[in-house]
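> What follows is a predicted structure for the sequence shown.
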Amino acid sequence: MTTHRHDGPRRIAANPIPYWARGGKTRAVFETAFRDLAEIGFRAVKADVPEGMGAGEYAAWLGGFGLSPSLGLFSSPLDETVDMGGVLEEARRFAGVQAELGLDRTMLSSMSLPARMQAPAVGADFDAGRLARAIENAGRVCEVLIAGGIRPLHHSHVGGVFETEAEVTALLDTLGADLIGFGPDTGHLRWAGADPVALIERYSDRIGGIHIKDVYPDHLDDARADGGDYRSVSGSGRLWAEPGRGVLDLEAVLAALPDDYDGDYMIEVDHPSVPTVYESHQLSYEWARAALDRLPPGGPAASGGEGP
């Protein structure tokens with residue numbers, strides 16, 4: 001497994017998605033997010049370069065807040081609706097930006113199939129031919145990313161073609177470890193009915209990153225088919241939970257990470273369940289610091305948790 005090109009201990013990172021989900025990925029929105037996150041104690045954020053800004057300018061701007069870029073995300077439906085020539089060219093450009101930011105890996109995800117956005121987390125409109133085509137397309141994207149010096153990690157996401165556990169494992173087992181690693185999202189896996197700990201253990205030699213998010217029980221299991229679409233369920237305030245406030249055993253998740261895990265610990269709460277975005281991130285950071293400190297010596301946080 002390659003390592004991040006940064007010095008010092010492993011870091012607690014944040015994806016400021018609730019900041020830009022409504023306001024867009026603008027400089028003004030990110031400026032508010034970065035100021036808040038730095039004040040809370042985060043030292044890294046998901047790499048999202050605003051349109052019109054170069055990678056070098058972005059890195060310098062982040063540095064002004066005491067922040068560094070962390071694991072980004074390349075996303076495409078990867079199904080029959082996409083122009084793969086365009087997707088591969090986009091992947092080449094993306095890899096160049098990530099490498100310029102000093103990163104050596106990225107999440108790779110499929111998102112936003114209409115049938116699955118309408119009926120999320122239940123594998124709606126499954127088609128074996130579509131899955132096979134998407135696995136082939138994902139492999140082609142992986143080849144481009146690797147050629148650009150970026151290690152792809154599959155990132156599960158409800159609403160995409162690799163939504164259910166069977167689809168996730170089909171992708172990983174078909175492409176193999178040389179082509180794609182694993183970057184689980186604990187919340188999306190659990191929403192779709194999978195056991196994040198079991199999957200992390202199954203693919204422990206391929207873990208290169210993680211999104212740590214908790215979930216409330218309201219829309220899980222039998223309630224997954226309750227008729228709500230992706231956006232209404234996700235934005236309900238009763239799906240995503242700040243770490244430690246939901247039903248996931250996230251300390252078991254951390255313990256399942258391999259001893260040589262060398263990635264960041266990225267907190268992600270798509271829609272806060274508390275009154276403010278700031279409070280959501282503060283609760284998340286405090287949980288992460290305490291949880292990483294409780295891991296035994298020699299585990300994945302042995303290097304100290306967060307950077308100075």
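Cool, the structure landed. Just so it is clear, the structure is predicted and the values come from calculations on it, not from any experiment.
> Just say helix, strand or coil for residue 69.
Going by DSSP: H, G, I helix; E, B strand; the rest coil, the secondary structure assigned to residue 69 is strand.
> OK, contacts around the closest residue to it other than its chain neighbours?
Residue nearest to residue 69 in three dimensions, not counting chain neighbours: residue 47, with 3.9 Å by C-beta to C-beta, 6 or more residues apart in numbering. Any C-beta I mention is one placed from the backbone N, CA and C, and that applies to glycine too. Residues in contact with residue 47 (C-beta atoms under 8 Å, 6 or more residues apart in numbering) are 69, 70, 71, 72, 97, 98, 101, 103.
> Give me the residue ranges of the stretch 201-308 of the chain where confidence is low.
Within the stretch 201-308 of the chain, the segments meeting pLDDT under 70 span 225, 297-308.
> what's the burial count for residue 121?
Other residues within reach of residue 121 by the criterion other C-beta atoms under 10 Å amount to 26.
> what's the answer for residue 289, then?
By the other C-beta under 10 Å criterion, the neighbourhood of residue 289 contains 15 residues.
> What lies in contact with the strand or helix carrying it?
When elements are defined using DSSP states H and E, residue 289 is found to belong to helix 277-294. In this structure, residues lying in contact with helix 277-294 by C-beta under 8 Å, 6+ apart are 10, 12, 14, 16, 18-19, 36-37, 40-42, 212, 242-245, 250-251, 254, 265, 267, 269, 272-274, 301, 305-306.
> ditto for stretch 133-147
Residues from elsewhere that reach stretch 133-147, judged by C-beta under 8 Å, 6+ apart: 74, 76, 78-80, 82, 84, 87-88, 91-92, 94-95, 106, 108, 110, 151-152, 154, 161-162, 170-171, 174-175, 179-180.
> residue boundaries of the strands in the stretch 201-308 of the chain?
Taking DSSP state E, counting those that start in this stretch as the criterion, the stretch 201-308 of the chain contains strands spanning 211-212, 214-215, 240-241, 265-267.
> Tabulate these (JSON lines), appending distance to residue 31.
Formatted as JSON lines, the entries for the strands of the stretch 201-308 of the chain read as follows, by distance: least, C-beta to C-beta, whole Å:
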{"stretch": "strand 211-212", "distance to residue 31": "23"}
{"stretch": "strand 214-215", "distance to residue 31": "28"}
{"stretch": "strand 240-241", "distance to residue 31": "24"}
{"stretch": "strand 265-267", "distance to residue 31": "20"}
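> possible to save these as a markdown table with distance to residue 223 and mean neighbour count?
Output for the strands of the stretch 201-308 of the chain, formatted as a markdown table (distance: least, C-beta to C-beta, whole Å; neighbours: other C-beta atoms under 10 Å):
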| stretch | distance to residue 223 | mean neighbour count |
| --- | --- | --- |
| strand 211-212 | 22 | 26 |
| strand 214-215 | 11 | 23 |
| strand 240-241 | 15 | 26 |
| strand 265-267 | 25 | 26 |
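> can you pull the contacts of the residue nearest to residue 160 when sequence neighbours are not counted?
The shortest distance from residue 160 to any non-neighbouring residue, by C-beta to C-beta, 6+ apart, is to residue 110 (3.4 Å). When contacts are counted by C-beta under 8 Å, 6+ apart, residue 110 is found next to 75, 76, 77, 78, 79, 134, 138, 157, 160, 161, 162.
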